[in-house]
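Undergrad: I need the structure of the sequence given here:
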Amino acid sequence: MDALVHGSGLPGLIVALVLTGAFSFVIGLAYHGYRRVSEAGLGFGTTRTFTLIGILGFLLMQIGTGQQLYALGLAALVVLLGVYYWQRAAQGHDSLLGPLLAMFTYLIGPLATHFPIWLVVTVVTAILMMLEAQPAIRRFSDRFPGEELATLAKFLIMVGVILPLLPDRKIAPFLGVTYFQVWVAVLAVSGLSYLSYLTQTYLFRKRGMLLTGLLGGLYSSTAATLVLARQSRDDRATPDTAPALILATAMMYARLWILIAVLDHRDVAMHLVGPFLAFIAIAMLTAWAISRRARAGTSEHGTHALRHPLQFHTALLFALLFVAFAGLTQVVLTRFGTPGLQALSFLTGVTDIDPFILSLLAGKFSLTTAQIVGAILIATGSNNLLKAGYALALGRTRKVWPAAAVLGLLCLLSIALVYLGVH
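TA: Residues are numbered from 1 along each chain as shown. Have a look, this model is predicted:
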């Protein structure tokens, strides 16, 4: 199609003209359908008006050289649309949608003539989707709080302002990580947590416990465990409490693997595929079996909201922990070797394991892939033991015992894989 549209001579021009007219006509139809649904009257022009605007733009683009006529036509259209908008605004109708669509339609001719057909189709499709999705967009806008825009601005600052300014040099001579690596790790963790937060907050507002476990595990399995364990107090536990706790840990493995793969540590990611898939399978199967055995009376009420992941103080704390763990790992390896690293991995399981694992991957510690994989398995196993303790201490109900048992089993399996050298 692209060859035919951009081919030399009359056939190519005819095809481009037909496409311009057809796309302009469809935009006109969609706009007036939108106006009818909104009960807002005819609005700017008719479907024929949009079609003629598109054809006019195409013809002016073909006449003469240098596109002077096309530019004059665009200027005249802008003046006409300005007068129209001024009159409508005086009547209390201040929507710019009609004039903007008319200008987009005027641009279709040059697009169809000088650019690939997929670009024209993409632009027109986007316009049609925006018009057809108007009710959904309005509902989303009504329930989208203003503070979320501030949060999005923070994320854009973290990505587009802070990251480019950071030098790719070592923080200190005795540390194997750079400023740039630290902030990339912060963005990877924050971005994945932010995506999970948005999914829970806006797509699954009335989620049940099982879905809370799944999505909460992508956010933070430890935070999800705390929320679910607290909610199970005072006879509020349901048959899905234990499965949800287990699912949160299953998603921890998926989350860590995604982070490792995104940060381009392919060797480590490949070595962890087998153990992580096995742990996820064990968690999923046991969660399914427990849920099926005691399904009656499941509560579908939503859980407490998780803490927002994109806070500057949280990002800075993660960065400080990242650097601290990098330095501590260097000292431990220098003085105690592999046994010291394994002990440190177990101890970090009672903290946030993300900065330790990512600093281990980013640092230049002269470690083999097997040593790094072993440290990750020990840290995740120790973290599971911590979450089992949280579930028992905060849940205070027998319904969380199966989850604590499964988490303890995963801890033992992780450590066994390291010391048996199976990974």
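Undergrad: alpha carbons only for contacts and neighbour counts from here, please
TA: Fine.
Undergrad: show me where the stretch 201-350 of the chain has helices.
TA: Assigned by DSSP state H, counting those that start in this stretch, the helices in the stretch 201-350 of the chain fall at 209-231, 241-262, 266-293, 312-348.
Undergrad: will you turn the ones you listed into CSV that also has distance to Q200 and mean neighbour count?
TA: Formatted as CSV, the helices of the stretch 201-350 of the chain follow (distance: least, Cα to Cα, whole Å; neighbours: other Cα atoms under 10 Å):
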stretch, distance to Q200, mean neighbour count
helix 209-231, 7, 25
helix 241-262, 14, 25
helix 266-293, 20, 17
helix 312-348, 20, 18
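Undergrad: redo those as TSV? Include distance to A102 and mean pLDDT.
TA: Converted to TSV, the helices of the stretch 201-350 of the chain look like this (distance: least, Cα to Cα, whole Å; pLDDT from 0 to 100):
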stretch	distance to A102	mean pLDDT
helix 209-231	43	78
helix 241-262	42	90
helix 266-293	50	91
helix 312-348	43	82
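Undergrad: dump the ones you listed to TSV, plus distance to L131.
TA: Listed next are the helices of the stretch 201-350 of the chain as TSV, based on distance: least, Cα to Cα, whole Å:
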stretch	distance to L131
helix 209-231	31
helix 241-262	36
helix 266-293	42
helix 312-348	37
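Undergrad: ok, L29 to P99 distance?
TA: Separation of L29 from P99 (Cα to Cα, to the nearest Å) stands at 15 Å.
Undergrad: again, but for P402
TA: Taken as Cα to Cα, the span from P402 to P99 is 62 Å.
Undergrad: could you find the closest non-adjacent residue to V418?
TA: G374 (5.3 Å; Cα to Cα, 6 or more residues apart in numbering).
Undergrad: how close does that neighbour sit to V273?
TA: Per Cα to Cα, G374 is found 13 Å from V273.
Undergrad: R48 too?
TA: 59 Å.
Undergrad: same deal with G73?
TA: 60 Å.
Undergrad: try L333
TA: When distance is defined by Cα to Cα, L333 is 26 Å away from V273.
Undergrad: one more: L13?
TA: The gap separating L13 from V273 is 54 Å, by Cα to Cα.
Undergrad: are we agreed that the residue nearest to V418 is in a helix?
TA: Yes: counting by DSSP: H, G, I helix; E, B strand; the rest coil, G374 is located in a helix.
Undergrad: what's around it, how many residues?
TA: Number of residues near G374 (other Cα atoms under 10 Å) recorded here: 25.
Undergrad: tell me which element L29 is part of?
TA: helix 10-38 (DSSP states H and E).
Undergrad: buried sites along that helix?
TA: Buried residues in helix 10-38, counted by 16 or more other Cα atoms under 10 Å: 12-13, 15-17, 19-21, 23-25, 27-32, 34-35.
Undergrad: stretch 150-165 now?
TA: In terms of neighbour count (16+ other Cα under 10 Å), stretch 150-165 has its buried residues at 151, 154-155, 158, 163.
Undergrad: with only the CA atoms kept, save it in PDB.
TA: C-alpha atoms of stretch 150-165 as PDB (Å, rounded to 0.1, in the frame of the first residue of the first chain):
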ATOM      1  CA  ALA A 150       1.700  15.500  41.200                       C
ATOM      2  CA  THR A 151       2.800  11.900  41.700                       C
ATOM      3  CA  LEU A 152       3.200  11.500  37.900                       C
ATOM      4  CA  ALA A 153       5.200  14.700  37.800                       C
ATOM      5  CA  LYS A 154       7.500  13.300  40.500                       C
ATOM      6  CA  PHE A 155       8.100  10.200  38.400                       C
ATOM      7  CA  LEU A 156       8.800  12.300  35.300                       C
ATOM      8  CA  ILE A 157      11.300  14.300  37.300                       C
ATOM      9  CA  MET A 158      13.000  11.200  38.600                       C
ATOM     10  CA  VAL A 159      13.300   9.800  35.000                       C
ATOM     11  CA  GLY A 160      13.700  12.900  32.900                       C
ATOM     12  CA  VAL A 161      15.600  15.300  35.100                       C
ATOM     13  CA  ILE A 162      17.500  13.500  37.900                       C
ATOM     14  CA  LEU A 163      18.700  10.500  35.900                       C
ATOM     15  CA  PRO A 164      20.300  12.400  33.000                       C
ATOM     16  CA  LEU A 165      22.100  14.700  35.500                       C
END
